[in-house]
Every structure is written in structure tokens, then in C-alpha cells.
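Undergrad: Quick check, what structure comes out for this input:
(6 chains)
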Number of protein chains: 6
Amino acid sequence: MSRTSLSVALLWLLPAAALAQPAAPVEKWTGKTVLVIGAHADDDAQSHGTLALLQAHGNNVYIVTLTTGNVGTQDPNLSRFQLAEIRRQEELAALAELGIPAEHYINLGYDDGLLEFEDRKAVVGELVRQIRKIRPDVLFAFDPGKRYQRWHKSDHRTAAYLAADAARAAMWRLLFEGQIIQEGLKAYQIPEYLFYDSAEEDRNTWVDISETAEKKVNAASKYVSQFGPGWEHYKGPNLSAEEEREMKERMRARVQKRNGKPVEGFRHYKGLPDSIGK
Amino acid sequence: MSRTSLSVALLWLLPAAALAQPAAPVEKWTGKTVLVIGAHADDDAQSHGTLALLQAHGNNVYIVTLTTGNVGTQDPNLSRFQLAEIRRQEELAALAELGIPAEHYINLGYDDGLLEFEDRKAVVGELVRQIRKIRPDVLFAFDPGKRYQRWHKSDHRTAAYLAADAARAAMWRLLFEGQIIQEGLKAYQIPEYLFYDSAEEDRNTWVDISETAEKKVNAASKYVSQFGPGWEHYKGPNLSAEEEREMKERMRARVQKRNGKPVEGFRHYKGLPDSIGK
Amino acid sequence: MSRTSLSVALLWLLPAAALAQPAAPVEKWTGKTVLVIGAHADDDAQSHGTLALLQAHGNNVYIVTLTTGNVGTQDPNLSRFQLAEIRRQEELAALAELGIPAEHYINLGYDDGLLEFEDRKAVVGELVRQIRKIRPDVLFAFDPGKRYQRWHKSDHRTAAYLAADAARAAMWRLLFEGQIIQEGLKAYQIPEYLFYDSAEEDRNTWVDISETAEKKVNAASKYVSQFGPGWEHYKGPNLSAEEEREMKERMRARVQKRNGKPVEGFRHYKGLPDSIGK
Amino acid sequence: MSRTSLSVALLWLLPAAALAQPAAPVEKWTGKTVLVIGAHADDDAQSHGTLALLQAHGNNVYIVTLTTGNVGTQDPNLSRFQLAEIRRQEELAALAELGIPAEHYINLGYDDGLLEFEDRKAVVGELVRQIRKIRPDVLFAFDPGKRYQRWHKSDHRTAAYLAADAARAAMWRLLFEGQIIQEGLKAYQIPEYLFYDSAEEDRNTWVDISETAEKKVNAASKYVSQFGPGWEHYKGPNLSAEEEREMKERMRARVQKRNGKPVEGFRHYKGLPDSIGK
Amino acid sequence: MSRTSLSVALLWLLPAAALAQPAAPVEKWTGKTVLVIGAHADDDAQSHGTLALLQAHGNNVYIVTLTTGNVGTQDPNLSRFQLAEIRRQEELAALAELGIPAEHYINLGYDDGLLEFEDRKAVVGELVRQIRKIRPDVLFAFDPGKRYQRWHKSDHRTAAYLAADAARAAMWRLLFEGQIIQEGLKAYQIPEYLFYDSAEEDRNTWVDISETAEKKVNAASKYVSQFGPGWEHYKGPNLSAEEEREMKERMRARVQKRNGKPVEGFRHYKGLPDSIGK
Amino acid sequence: MSRTSLSVALLWLLPAAALAQPAAPVEKWTGKTVLVIGAHADDDAQSHGTLALLQAHGNNVYIVTLTTGNVGTQDPNLSRFQLAEIRRQEELAALAELGIPAEHYINLGYDDGLLEFEDRKAVVGELVRQIRKIRPDVLFAFDPGKRYQRWHKSDHRTAAYLAADAARAAMWRLLFEGQIIQEGLKAYQIPEYLFYDSAEEDRNTWVDISETAEKKVNAASKYVSQFGPGWEHYKGPNLSAEEEREMKERMRARVQKRNGKPVEGFRHYKGLPDSIGK
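TA: Residues are numbered from 1 along each chain as shown, chains lettered A, B, ... in the order given. Reported below is the predicted structural model:
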């Protein structure tokens, strides 16, 4: 019996391991497969500096988005269908700025704002399928953390828990075994996690994004229907020079600083999915 | 593009705004429409001093109660049907003490103690309908806060989250749009919130109810089947003089004091529904 | 109207009573009926020292386990069916070490890892039935507490909330009344609780298990497929002398100490189910 | 004990009563309240001749439509929202031709093509509410009959069964009793039924619509987005004179004839809802 | 490979075997275990002559009723709780007339009129448990037959399909296997069926109940709240001599005759559950 | 406006078109894409002669199977996992005999015998996805026909209705539109249907399978765990020469004959999905 797997079993009874920085700084990572799970096109925007940096350093970044984002607008002329098309186009434009290939973007097509009403088993099963296909070394997900105790936008709350539930289920060969038998997938245990949208006090890892901060600003400025003038009146993806300058300025102003450097903060966790929340 | 709506979009990425007292003290409010969402007849009782005060000052108070309260009794002779009738009569009697018209009381008719098992989409849809009809300036709701992390009476937990979910959904024209197209309702964004049953440390607003404390006591003493002798043996709404005196005394003793004045404490929040929990 | 029942009603409006140690120390309890609700065979293992002690002191301990534990293994040759059989055998062997009779073990037969997807009303109803049958003086359950705010293994999270929901529902004669009318059961209110797997800072009761620590070690060493070499390669319930020695040693090392004595820590609560989470 | 109500009880054990024509011919009915339940705007079109006739003869016709009809189009430029608006406008225009007031049209707002996936209890409850409010002497509904054994457009199949289920539930004071206690409604038993879209061999009643056949044609020609050129390319409610002429001609050609007279055929049933299907 | 089991497999592809009378007439059966599944107390009344005869001839009859019958009354003073109690008492009184022991009556406690809204998997699982415990040689169930195509009282429709679904599921060791592993039950295949409430043209077996017709009448006259004066105004189980005489007379008049003899008609089926409907 | 599409709209009100043989005999079809939807590996076996013939004549045959078939065995030593693996291997071996490529076999991985308990919207959505990807000219599906009125093995009943529901939903651009926007699929209307397992009297098309009858026999003899000695005791896919000879003989004896020729019978339907059941 190997030490490794026994320690897995032992962890079930042990107190949670202390939270710690990743072994190697995120800025040095290379050769890793990275999966981001979010609820809406733009949920990954909080991590765009880090994702651009990882992609540039020889890692492979994939984005799985649960909903089409087809509800959140103040433009009275947009339909759900149009909004979903716009949100997809904006996401792909943002990913292009970050150097992430379009085919790494997977949208599961659920309706915005209604994710919590979908059948949980079906959604978890689909996330398990993606995890078993992509087999990420690192999962980026909403932190199922502090503010959820009170209330958090229902899609985010749902995405946080479903991602964690799926990370756990994916590791067991006897769960969603139809995928294993019929599709040739294998059970897979994600070893490492970077949770975004964490409570300030839970963040234990800040990634220095000096190298990619401008890519982050450029990507953010593609979400014209969410952060730009398209929020109230969508006129297409292209802005006037003035509008674009103003929008980028606002996006730039929002980048978090730490010790004078642009950063993105995460709760890092390494270990069994069972203890994600500890 | 107006500043107002852009700030809406911007808020999505910003850290939560600091919690603050309302711009004008609640005691000075006038001309507002106020909606209270609770799970049971008597959940509004925690706010009766404030509600009486608001109604008296030219505001319009509406109560939406999710369940009929048809389960919670120790009287072995009462049926669900009878208990629901008693609870309705008691609620109307209490509201009469507060000066709130009977037609402002809307009970959605779900069974007590079983709310969590109802179809969430259907219940949220019904709450969205009420919000879009009443269009409140202020929502009173259970604080989906601290104790829910551990456990809270399941109807209260459910009512807390459903009210927040509904506040969020109501603002989007593309959610529950059947109501908009078929019933002539319009999407509506509730701007301000007073959460009741909050954890002590989260309360940021105390309303001085000196003016209405006695109304609060009188109203509370109408819940004979819950706080009075009807809990174990219900004999009708009328108490003997002695029973009534004793019950009012107990109710009076429970009014919270702060700096010698009777108060009711809330967590006040103003802003987008998306950030209710921050 | 009796004082007792009125105080029940009054509690609904009062701030939570301070958490306190049990009136008599757990080590002195006798003549009580004790019910443990867990999600998997082995969830009761955290409390085995206390349970052995209670059983030896003239109390009656019952275990209700929600799932069959038929998923959690790294042995590629085990099926769900076989794993469920192994987990049952291991649980009975562990209980035998503790002196708890086999017929006090009730497994509700749900699938491991999928509990959250079962119909909540049906599962709560079944737990209510068990509570009304066994009529425990004390309930041991997962603490629906701190870490659940973030994320916790979904079966544990579900078991924690369902146990609390069932404790509450069981007390009302008008809920799941089919059990009362058809099966001759009566509504029942559990008066006292010991929550296990609580956050360190929430524990208020440590039971001195000096008397039964070795029984606890012996019982734990029966879970060969979970904590022993069977985790990766199951060869049957019997270990070699060397394997058994090593496994017991590891189990012994995990027993918590306090002031030099072996202990098990709990959050103790006495009062209405409505306030379990306070 | 009255004969009437006993016969109600007796019917439970008796073989189904023979199907029979209504006591008075439908053409002579007056003073009745009539409720039509359908799945889509236009499902009532099959009965428009009869409904126009009834409304003209001093009866009151109400239409309850379950879905907004927001899916069925071949025009690639229409959104769900726009289609729902068009379908509502077309329905109101058709009802105006028939002399049925706009406020008698109640649309419950469910999504087209997805009715079967809604929570059945919630939909039945809402239909029960409408039945108890309107208290019809006669219900027009899809015949839950022959073709459903094989397959029938899922919304129609669902509407057929839900209408029958609701007719049954509405009569019991102890079902959906929240409506009775909270909204002042009373249990109500619909005494008579005319089922439309029945299998040919099940029709037992043909209404002579000579008097209103042209109104039926005019009403049908209002459904421009369903039966007219708007099906492929919607340009608004108004047709060119040529288009209108052609559309009316087609609609006129579809009116069923019997003995040279324009008719509409139904399965008539009178009796307890329990025996609707016999 | 035995012939028997292969023929089981072969049957899957073969056309339905011709419907036939039982090998031995029902009147000669002895030593059999018989299970009746119904939706309400009194659904078994259609078969009371046969059941009394079987019980008298050395067979063992068990009744599993899904709902408590707590809704169907026209007495405005009865509650659900009271009605359920009355229905249970009436059923036991009827069974006593038939010679069937009280402990052979198992009521699953679901609410009357709402069975279709319960979780189907949970209800089927519970029926499978009863089938595996009782292991009947013959199942009496609602015929999931002709009139269900159109519409049939929703509880009856549901009971018909759930009984057939459960008969099928019970035979597979890998379905609801928790019952097998945890409760010591074994998979069980019911070999023979008598369906009641069949369409006239589907009945292929008439049981001569000359021997027990009077017991049937006596049993039916116990359902005072359903077939007697208690339907409108319940005054307790005892009738005046005049009321009892009249009620029995009505019950006697309803007994079906065939060739001058009192009979009960069934659709008999023997074979795999998969082909129940053929 | 084209005649074609208008006739689509018109069909909604017209009586069902007469059932008719396909324009060209199935034996002459070429260049078509064919999709078979079934519940279990082997449900396609009823049509193997026709499918082999179609594949050989230059058509492309795809099989979508809903469940893994992981329950139906009498071998007490097989687990769900093993049985699913066996059933997959047998299906691929059978398809190889028919000349259908392994990659044309798509198994959706649901559990055998439990399909009805899955979320219907999720399953229909997945079938719609397959239909929109494969874009079949002809759909083979269980006939949602006659015997379903009574009862039919629940997976078959479910598969029959879900296939018809999915055929209908697939044609609308505004249903499951996430697939269209995110995955580049397009709405698709299946024009032609061959229903298998129809009632004898509903079959209107017999395909002469003289050319492929022996392939059908060979393919059927691959289902060793269903139709062969593996039903009771599975020893692997290979049979002894004697076992194989006997099994093929049995399979050969089951091929239906008509005018001395081996045939497979279907209900053929051409037209809108809305009218599949007419």
C-alpha cells in the first residue's frame, strides 16, 4: 500500500491542513492545464491577468461558463437570443486579447439568472464530464466562501457549490460511471485550486500581473454590453475612440494594487476536494 | 450613457460598499411604499414598531407572508385548516392595531414547515410578481445572514434566500417576462432594504419606536395561538382580562431597549440586489 | 397554561440562550436513548469513544446512516454493490467492538455521493419516522456549522441540514401526520444535542474517553476499506498481524488529547430544534 | 342525507354513465359562465364559432391560456419576447372579433414548448385558482383522449391532463386550501364539459355555427404569425388586401361542414370530474 | 442454462402471449400470498368478494394503500387529520368483515389527491420494499388500461403505473439494492396478476363470489364516510338501523351479476412484469 | 411566402393526413442519414435487418442509446459497472456484424430501469443536441403507441415519449437555443419516421430483409448476456460452438415472415413532429 494513497484516506479524519501559498509561485508555473469555471461570460475577468500570464508561460487555459448571460442588460431592445450572441462574441474577443484560443471556451448554455432552478445532478454531471475531459492541474472557481453565508447572486452561489461538488464527484470511478464506460473518460482528481471572488481575509495568494495588466484592461474593455455603453444602449462591439479610451481608463482604475504592483488575489488550496472548504 | 446606470455596471467588479445608515433616519421617512416578506404570520412582529410608525407617517406598508402557519401548535385539537384560519385572523387583528389596512396583507398560501420542498422557481416567480406589483421603495426581509451558516428553522432560511433571489430577479425585464407581457407589470429594482432577525453584530440601524411601542405590544398580544394561552389550548381570540394583562406584560418585557428607548434593530442596505449579502 | 410550554413559545422571540455544558457530564449519563445520524458508515467513528462509554453506562445507542457508502474507494476492482456490503460488514464489526447491538444499526440505503440529489421531502420524512420511533433523549449529528458556509463534502452538508430539519419536523403533530395516523407513531421533540465535526471554536463539551479509547481504536481498525490497506486493494476484512498493528497505531495516534487525556469534542445544545443553529 | 350528494358518492363505484348530448342544445344556452383552457394563443380557435355564439347569447366566456406561445415561428428575426407580444395582440384581436372582452383573456405566462417541465403542482394550483375564481358552468378543454395514447405535442398533452386534474382538485375544500382561507375563494365543482380536439369517433355534440362562422373566419385571420404570412416573415398585424383575402379564404375552407352546415364538434360530458375520461 | 430463465429472455422479443384464464380457477386457490395495491381506503372494495374468499381458503391477503384518503369528503367540518383517522378505522372495520387481520393493512401515508406530485422514485422504492417483504404470488392492482388513455382520477392513474413500475423494479437485484444489502430483502418477481377496475372488454376472469357476497356487502357498508350518510355529514361509524339497512341494500344492488351469480371481474395476467400491459 | 412553409402552418388545424407507405420503398433508400433512438443496447435489434440493409445501401446509420443497460441480468455475480461494459461490448460486436461503425454508437449513460426518474428537460435537451448534430433524414424510435396506454416497461415508455418530444423541440430555433448560439448547431426538423415495436395493427410498412436476415441473426447472437447463456451465468462474449449454434437457431426462428420472406414491420410516418401520434 503506497503512502500517498493512504494519506488520502487519513486526511478524512485529520484537521484541515493549514492554508498555504503554492509550492512554486503562480508566476513561475508552466506546462499546466488550467480550468476556469464561471457562471457568466466575464466571471473569468477577475482572473484575466493571471490567465493571460499562464497562457503566455506555456500553460493551457480552458474556460467553462455555465450560462449564456442572456438576461443581464438594461437595453430594452435586446432579446435573450441577441444578448447571448453578444456575450459570446465579447468573451471570445476578450480571450483573444489574452492569447487563449477560441476553442478553449466552452459554454454549457444554461439560462442566465435561472441556474439554480436547473436539475443539479444534470449540471454536476456535465461539469464532471468537462473535468474528466480537460483533466486540469488547477481549477479556478468562485470561492464557495464567506459571503455566501449571507447571500450572493444566485448564479454565483450555485456555480461556486456546483464546481466544488463536481470537483469532488469527478474523482470517483463509481460516480457518473456512464461517462467512463461509454465515453472512454477516466475518473480524475484535481490536485490544486485557486478560488476567485474570495473574501479579503481568505485570500492567501496574490499574483503579480505586471506583465499582463494591460492585456487585462484590453480584455475587460471588450465587454461593451456589461461594463461599457452597451449596458444601456448596445450599438455593436465597436466603440468610438473616445468611448474606448474612457472605458479602458475605468477598467485600468479598477486593477487592484499591492506594494505598487498590479495583482489578482486568490485563496489557494491544494489537497483533496473533500477539504476545499476548510 | 448616464452615470447612474454605468455605476450599476461598475459595481459588479467593485468591492462591497461600506454598510451605512440610511440617508434620512427611518423615523423621518414619508411617502414610501414598504414591503415586508416573511414566512409566517408573526414574522413581521419583530418590526411592528417600525411598521406602525411608517404607516402613521404617510408611508404604505404591505405584508407578503409565504405560508399559512398551519402547523405550529401544541393544541392537539386544532387542524391545519383551523390553525390557518386562526393565524390569518390574528395577523389581521395585529395589523389593525398598527393601522395597516387588511387589504395590504397578502398570504401566498404555502404549507407551514414545508416551504423548502416547494418548487423554488414557482415561489420566486410569485414573489417577483408581488414585487413588480407593489414596487416597494424599501424591502423588509429576513437577513440571509449569520446563523443560516449553521442552521435556521427551514422556513426562515428558505424565506430569507427566496426574498433575496426575488429582489434580484424582479429587476430584469428578461426574467419572468410572462408577467410583463401578459399582466402589464414592469421590471422593478428595489433600491433599499431593512433586514430583520439579523445577527447582533450586523445590525447597523436602530429605529426609535417610542411613538409606537404600545401599538407593538397590543399587536403582539393578538397572536394568542402563538405567544399566548392558545399555544397549548386555543379557546378563541378573546382572552380574559387577566390573561390579556399578563400576555401584554410579557410582550412589553420583550421590547428591546437602547439608551433607555424602545428600539428595533436592522441591517440596512442600499444598492443593487446583487450585493445584498456583502 | 403551563410555564413549560409557554416558555417554548417565548423562546421564539428571545435571543439565543448561551451555549452551555450539559447539566450532568456526558460521562455520568445513564438510562438515555441516543441517536446518531450520519451520512456514511464511519461518520459515527468520530464519536466512538463517547458512544462506547454511553452504551456501557446503561444508555441505548442507535445509529442511522443515510447512504450505503458504495462509492468511496480507490480499489478499481470493487463494485458499488460489493463496497456497500463491505461497508456494512465493517460498521457492524466496529459497533460490536463498542458493545452496540447490530440491530441498532439502521442504514437508509441511499447512494454515496448522491444524497443531495434525492428528494429532500422523502429523506426528511424517513428521518422523522426514525426519530419518532426511537424517541432519542440526545441526538448526535454533523454540526451544520462553520465550514458549511464555504463548502463541505456534499453528503455531509446534506446530512447536517437534513438531520436538523428532521429534528424540527418530528416535533409537530401536523407534519408527516401519515406516520402518526397509520403507524401509531407520535410527534416527538428531541431535547438535547451533541454536534460532531464542529469547528474547533464552537466546541463546548469534551468527553473524557479514557475508559473507552482502546475500544475506539479497535473499532476504527475495522474500517479496513476506508482507513486501512483496503482503500487501494481490498482483500477482505482480515489483516495480517503486521497490518493490523500498524493500522491500530495510526488510529491511536489520531485520538485527540486534552490535558493529557483522550477526548472527543462536541458542540452541546439543549433546547428547541428551532434554535439549533444559534 | 340528500339524494344529490349521495348519488355523487355512488357514482364512484358505478360504471360510467353513457355519453349523451347536453340537456339543452348548446345553441340555446344562455346565462352560463364558460371557461376555455388551452396551451397556446389559438388553441381556442377550434371553438371560436361556438364561443362567439355563446357570448352573443348572453353567456360569459373566459379564456385561460397556459403559455405565451413564444417559440413557434419560422421567422428567424423574432425573439421569444417579441413573439409573445405578437401572440397576445393576435389573441386579443381575435377575441374582439368574437365579442369577448379583452379582460376575459388570462395568460398564465409559461414558456411555449416547455410546459411539461414546469412543476405540475404549481401549475395545477394556478388552474384551480382560476376555476375557483371564475366558477364556470362549462369547461372547454383539450380532450385528454385517444391520440395521447400515442403521442401528442407535449404542451397539448400536458394542458389536457392538467385541466382535468385541476377540474378535479378544484372541487375539494381540503386541496389547495390556502386559496380558500387566504383569498376568500370557495371549492367549486364544474358540472359540464365540452372537450375539443377529440378523436372523431368520440365526438358526440356538433354545434351549428351558421350564425358565427364568419366571425370565426375573421378571428382566425388575426393569427397572422401562425396561419398567415407572418409564419415565415412577420411584418406586423396588418395584411395587404390580397393577403387578407387569401388568408380568410383558407380559413373559411377549413370550417367543418355537417349536413351542409358549418359546425364544431365536441365530446360533451356532464358529471363528476372523476369520470371525465370514461 | 435452464429453459426457464432463457424463456424469460426470449419473451423480450416475442409478441405478447395470449391473455388466458388462470391455470386453476381463483375459487380453488389456496396457500397463496396475495398483495393488493390501491390508492385509497376503499379501492380494494371492488375486489372484496374475491379477497374474502381467498382469505377463507387458506391464502394470506395483504393490502398496501398509498394515500390516507384525507381529502375526499363533502362534510365541511372534517379536517384532513380527522378524515384520515376515519378512513383508517373504516378500512380496518371492512377488513375485519372479510376476515383479513388488521396487521395486514399497510398504509403508506401519502396525501389524498396529491400522489402524482410526490417523488416517483421514492414512492416506487417504497412499493418495491413492500413487494420484496411480502413476496406475493399474486398482485391485485388498478389496471393501467384503457380509460387511462383519456383521463382517470389522478391518484388512480398514478397508483396504476407505480404499481406496475414497482412490480418490474422489484425483480432486479441491482435496483433499489440498498434494501437488499441493508435490510436483508431479496429481489422478487411477482408471477401472476389480477387487475381490477379494468375496461369491460379487457376482463378475462370472473370470480364467483356467491360464498362471500354478503361479506362484501357488510364490508362496503363500513365505508360510512364514503358511501353512506357520512359523505355529507359524518356522525361516527355507527348508523341507525334504518340507515344501515338502506346502505347495505344499495351496496347489495351494486354487486355485479353474471349468469345469475354474483361475480367480480378482472384482467388476469401471468408472466414477466415487462409484459403487464400487453 | 412559400407554399411549403405555409402548409406547415396549415397542418396545425387540419385532420391528420392518412398514414402511407414511404414514397420510395425502404429497400431502395440511399444517401440518407438514419438515427435510431433506443433505451437499451439491443432495442435496435428489432430493426437490425433494416439497418444493415440501409448501411449497405449507402446510408449512414447512427444509434443513440439512452441507458447503459446496467441492471437487467439474472447473473448474481455481475455488478452494474461490469454489466454496462458487457452491454457496450455486445452492442459494438452486433453493429460490426451489421457494418455500422463503432463511432456511430452513442450511449448517453443513464442508468437502466431508472430513466423515468431523470430530469426530463435535461434528457430531452441532450436528445435535441444529438438530433441537431446528426440531422437525420429518418428517425427510428419506439412507437409511443397502443400498449403504452396500458403499461410498458418504464424505460421504453419513457424513451418513446422523450424521442418524440425531442424530435419536436429540435425544430424550433427558440428552444434549447444555447446549443445554437454556443455550439454552432442549427434547429432541425426530422422529416420522416419509422416507429418500431408498434402494435401489429398500426404497422404500415414491412421491409424485406432477405438480403440481411443472416446478419440480423449474427448480430442478435452477440447479445450473449441478454438472449444467450450469459443471462443466468455470464462467462464472457465467446460461446462454445454448440451454444452459438443453438443461440443462432433461436434467433433465426424469431425472424418474422410475411409471404415467405423475412421482414421487419414499422409504422411509417412522414410530416411534422406535431403529428407523430396521429
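Undergrad: Bridged to the most centrally placed residue in chain A, which residues?
TA: Closest residue to the average C-alpha location of chain A: residue A:36 at 3.4 Å, with C-alpha atoms, centre = their mean. For residue A:36, the beta-bridge partners under DSSP bridges are residue A:63, residue A:140.
Undergrad: Contacts only, for it.
TA: Going by C-beta atoms under 8 Å, 6 or more residues apart in numbering or on different chains, residue A:36 touches A:44, A:47, A:51, A:61, A:62, A:63, A:64, A:139, A:140, A:141. Just so you know, the C-beta spots here come from the backbone N, C-alpha and C atoms, and that holds for glycine as well.
Undergrad: repeat for residue A:116
TA: A:154, A:155, A:157, A:158, B:120, B:165.
Undergrad: Name the SS class of it, please.
TA: helix (DSSP: H, G, I helix; E, B strand; the rest coil).
Undergrad: Residue A:247 now?
TA: Three-state assignment for residue A:247 (three-state DSSP): helix.
Undergrad: Tell me how many other residues crowd it.
TA: Around residue A:247 sit 23 other residues, with neighbours defined as other C-beta atoms under 10 Å in any protein chain shown.
Undergrad: can you check residue A:166 too?
TA: Residue A:166 has 26 nearby residues by other C-beta under 10 Å.
Undergrad: Once you drop chain neighbours, what's closest to it?
TA: residue A:127 (3.5 Å; C-beta to C-beta, 6 or more residues apart in numbering or on different chains).
Undergrad: tell me the phi and psi of that neighbour?
TA: Note on residue A:127: its backbone torsions stand at phi -70, psi -40 [degrees, to the nearest 10].
Undergrad: check contacts around it.
TA: Contacts of residue A:127 by C-beta under 8 Å, 6+ apart are A:37, A:64, A:162, A:163, A:165, A:166, A:170.
Undergrad: surely residue A:140 meets residue A:194?
TA: Yes - the pair residue A:140 / residue A:194 is scored as a contact, 5.1 Å apart, by C-beta atoms under 8 Å.
Undergrad: anything in contact with each of these two?
TA: A:47, A:266.
Undergrad: Name the SS class of the residue of the stretch 151-278 of chain A found nearest chain B, please.
TA: Proximity to chain B, evaluated over the stretch 151-278 of chain A using C-beta to the nearest C-beta, is greatest for residue A:151 at 3.4 Å. At residue A:151, secondary structure determined by three-state DSSP is coil.
Undergrad: before we move on, what about residue A:175?
TA: coil.
Undergrad: what's the closest non-adjacent residue to it?
TA: Nearest non-adjacent residue to residue A:175 (C-beta to C-beta, 6+ apart): residue A:169, at 4.8 Å.
Undergrad: And the one you found, how far from residue B:259?
TA: Residue A:169 sits 54 Å away from residue B:259 when distances are taken as C-beta to C-beta, to the nearest Å.
Undergrad: Tell me which of the two has more neighbours.
TA: Legend: neighbour count by other C-beta under 10 Å for residue A:169 and residue B:259, higher for residue A:169 (23 against 7).
Undergrad: did I read that right, that one in a helix?
TA: Yes - looking at residue A:169 with three-state DSSP, it is inside a helix.
Undergrad: okay, it: pLDDT?
TA: pLDDT for residue A:169: 97.
Undergrad: how about it, what does it touch?
TA: Per C-beta under 8 Å, 6+ apart, neighbours of residue A:169: A:124, A:128, A:175, A:176, C:113.
Undergrad: Please tell me how far the residue nearest to residue A:166 sits from residue A:66.
TA: Residue A:127 sits 8 Å away from residue A:66 when distances are taken as C-beta to C-beta.
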